[in-house]
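Asks: Quick one, what's the 3D model for this:
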Amino acid sequence: QVQLVESGGGLVQAGASLRLACVASGRDFSRYSMGWFRQAPGKERQYVASITWGLGTPYYADSVKDRFTISREANTIYLQMNNLKPEDTAVYYCAADHPTIASVWASLRQDAVDYWGKGTLVTVSS
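Replies: Numbers count the residues shown, from 1 in each chain. Here you go, the predicted structure:
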């Protein structure tokens, strides 16, 4: 059974840091691009960051660039989130897809993504 399981969400104050993790299991994800999306209350789910399966090249949405860092170790990806802002409040979802390359995830059709996690809630208070 394929699973993506996120962890690390929580309630923090603005300016704080959190590290999310996503563990993928149930198949070989070594050739899958993986990444993060988020959905704020009342808004559509949006792209946050993605990482290639080979060199681990990261890509980011403009809104999180310079504050968030995505990384990968085997079937686990991380999202280090620094200097969190109230507008970062959202449910963060891990995703995996093949063969879509990580550099185009910002325009990826979300209904075509192969696998999704159930999400982890990040709440940033002002």
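Asks: Report the beta-bridge partners for the closest residue to Gly9 other than its chain neighbours.
Replies: Once flanking residues are discounted, Gly9 sits nearest to Thr120: 3.4 Å by Cβ to Cβ, 6 or more residues apart in numbering. Where you see a C-beta, it was placed from the backbone N, CA and C, and this is true even at glycine. Listed beta-bridge partners, Thr120: Tyr92 (assigned using DSSP bridges).
Asks: burial of Thr120, as a residue count?
Replies: Per other Cβ atoms under 10 Å, the neighbour tally for Thr120 reads 22.
Asks: From Arg31, how far out is it?
Replies: 25 Å (Cβ to Cβ, to the nearest Å).
Asks: Nearest residue to the middle of this protein?
Replies: Nearest residue to the geometric centre of the chain (Cα atoms, centre = their mean): Trp36, 1.7 Å.
Asks: Tell me who's in contact with that residue.
Replies: Contacts for Trp36 (Cβ atoms under 8 Å, 6 or more residues apart in numbering) come out as Leu20, Cys22, Val48, Ala49, Ser50, Ile70, Ile77, Leu79, Tyr92, Tyr93, Cys94, Ala95.
Asks: wait, doesn't the residue nearest to Gly9 sit right on Leu11?
Replies: No. Thr120 is beyond contact range of Leu11, at 11.9 Å (criterion: Cβ atoms under 8 Å).
Asks: the strands in the protein, which residues?
Replies: Secondary structure of the chain by DSSP state E: the strands cover 3-7, 10-13, 18-25, 33-39, 46-51, 58-60, 68-73, 76-81, 90-97, 115-116, 120-125.
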